[in-house]
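A.B. asks: Give me coordinates for this.
(2 chains)
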There are 2 protein chains.
Amino acid sequence: VTARVDVALVHYPVYNKEGAVVASAITNLDLHDIARAAKTFGVDTFHVVTPVTDQQQLFTEILDHWLHGAGAAYNEKRKEALTLVRLCDSIATLRATVRQKWGEVCVLATTAGERNDPIPYGAVRQRIAAGQPLLILFGTGWGLAEEAAAAADGFLPPIRGKGDYNHLSVRAAVAIILDRLLGEREGTGR
Amino acid sequence: VTARVDVALVHYPVYNKEGAVVASAITNLDLHDIARAAKTFGVDTFHVVTPVTDQQQLFTEILDHWLHGAGAAYNEKRKEALTLVRLCDSIATLRATVRQKWGEVCVLATTAGERNDPIPYGAVRQRIAAGQPLLILFGTGWGLAEEAAAAADGFLPPIRGKGDYNHLSVRAAVAIILDRLLGEREGTGR
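C.D. replies: Below is the predicted model:
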């Protein structure tokens, strides 16, 4: 059971700690955690975006280990989740790929900061339930660079807790946002 | 702004892949991700439970690096989150510690499997809002052993997505559950 929802973990262009635009490194754990969340919530494809050739090579090695190598035999559930993961060299390619699959698609960026007119989670949840295709962009490092965010059609609201600390890991942010958009709701049976 | 909610990451007793009761290893990343989620959602203390001496030593080294060593200067936001983390040698000690702080406390276990009569998230959310103290147990490895689960007063429901795959990482499960219990709700202003 999958929804017409794709997730992308963007490694370029993102900010580093000093606010410079960089390509961040792929991590084994991001791939696993986000793939498992994507599989749990019925995401169609989890795209990993990087233009850096040796990072693409690292991606291929990690996937190969868990899909076909020693990891596949060690943990079948991880293998199952990682079948959702695809490599992509840029946000432009990503957008074209998803359009080819679903036609016109709404692209939403995520941010830890406040933006004008974010689209409420409840509204996005309804769009998904109505079958509207959706691509959600998540930034690694210190978040999506402005040029990546500007390519989106809109923003999801930042995740707020009790105070003004909002420095969730990208893994935690993906999990929470997928739950808000696709998780089972108590008392509703869906 | 903190709630009367504590979270515990249990490394013993938990199941391994083969269903044996073991002590799992502490990981740097669990501490960081869960501390950041705990800080975001206003958790009072994040307890790390292990009876294994060299694991306790590892815990102390990790915390020391990020609170007082090179890590503290590198990333102040991580330091801020890790100030919530405390080491504990057993679930029994944990329970006594939390009782000393808040008096009678409700202990809820988390599970990926179905249990009889779990307490709905909405009901637990209301109890928290009413000021009732709560301790939530999360298992590492393949989940809390029965003897750990049996020490709890009740269970939270498993996190469900679209299908029958529910193999979230413990990091993702903590993030989602804290959001369900403590996260800001759209249109309610809290």
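
A.B. asks: list the contacts for A:Asn28?
C.D. replies: By CB atoms under 8 Å, 6 or more residues apart in numbering or on different chains, the residues touching A:Asn28 are A:Ile62. Quick note: C-beta positions are derived from backbone N, CA and C, even for glycine.

A.B. asks: Could you tell me how many residues sit around A:Glu18?
C.D. replies: 7 (other CB atoms under 10 Å in any protein chain shown).

A.B. asks: Could I get the contacting residues of it?
C.D. replies: A:Glu18 makes no contacts at all, as judged by CB under 8 Å, 6+ apart.

A.B. asks: Now it. Its backbone dihedrals?
C.D. replies: Per-residue torsions, A:Glu18: phi -90, psi 0 (degrees, to the nearest 10).

A.B. asks: pull the longest helix from chain A.
C.D. replies: Ranked by number of residues, the top helix in chain A under DSSP state H is helix A:53-67.

A.B. asks: So stretch A:69-83, near chain B or not?
C.D. replies: Yes: Stretch A:69-83 is in contact with chain B by CB under 8 Å from any CB of the partner chain, via A:75, A:77-78, A:80-81.

A.B. asks: Let's see stretch A:179-186 as PDB, backbone CA atoms only.
C.D. replies: Provided in PDB are the C-alpha atoms of stretch A:179-186 (Å, rounded to 0.1, in the frame of the first residue of the first chain):
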ATOM      1  CA  ASP A 179       3.600  10.400  10.600                       C
ATOM      2  CA  ARG A 180       1.700  13.700  10.400                       C
ATOM      3  CA  LEU A 181       0.900  13.300   6.700                       C
ATOM      4  CA  LEU A 182       0.500   9.500   6.400                       C
ATOM      5  CA  GLY A 183       0.300   7.900   9.900                       C
ATOM      6  CA  GLU A 184      -2.800   6.200  11.200                       C
ATOM      7  CA  ARG A 185      -5.100   8.500  13.100                       C
ATOM      8  CA  GLU A 186      -6.700   7.200  16.300                       C
END
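
A.B. asks: List the buried residues in it.
C.D. replies: A:179-183 (16 or more other CB atoms under 10 Å in any protein chain shown).

A.B. asks: Same list (those residues) but as CSV, adding distance to chain B and secondary structure.
C.D. replies: What follows is those, written out as CSV (distance: CB to the nearest CB, whole Å; DSSP: H, G, I helix; E, B strand; the rest coil):
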residue, distance to chain B, secondary structure
A:Asp179, 5, helix
A:Arg180, 7, helix
A:Leu181, 10, helix
A:Leu182, 6, helix
A:Gly183, 6, coil
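
A.B. asks: Looking at the residues you listed, which is nearest B:Leu87?
C.D. replies: A:Asp179 (29.4 Å; CB to CB).

A.B. asks: Now do the same contact list for that closest one.
C.D. replies: A:41, B:159, B:161, B:176, B:179-180.

A.B. asks: With distance to B:Leu168 and pLDDT added, can I get those in a markdown table?
C.D. replies: Converted to a markdown table, these look like this (distance: CB to CB, whole Å; pLDDT from 0 to 100):
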| residue | distance to B:Leu168 | pLDDT |
| --- | --- | --- |
| A:Phe41 | 9 | 96 |
| B:Ile159 | 6 | 95 |
| B:Gly161 | 9 | 85 |
| B:Ile176 | 7 | 98 |
| B:Asp179 | 13 | 97 |
| B:Arg180 | 13 | 97 |
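
A.B. asks: follow-up on the earlier one: residues in contact with the longest helix of chain A?
C.D. replies: Contacts to helix A:53-67, defined as CB under 8 Å, 6+ apart, come from residues A:11, A:23, A:25-26, A:28, A:31-32, A:48, A:50, A:71-72, A:75, A:78-79, A:82-83, A:85, A:87, A:89.

A.B. asks: roughly how far out does the helix or strand of chain A with the lowest mean pLDDT sit from the chain middle?
C.D. replies: Least confident helix or strand, chain A: helix A:70-74 with a mean of 84, by mean pLDDT, DSSP states H and E. Relative to its parent chain, helix A:70-74 has a centroid offset of 25 Å by CA atoms, centre = their mean, to the nearest Å.

A.B. asks: Please identify the buried residues of that helix?
C.D. replies: A:71-72.

A.B. asks: Give the other helices and strands that it contacts.
C.D. replies: helix A:53-67, helix A:76-82 (3 or more CB pairs under 8 Å, 6 or more residues apart in numbering or on different chains; DSSP states H and E).
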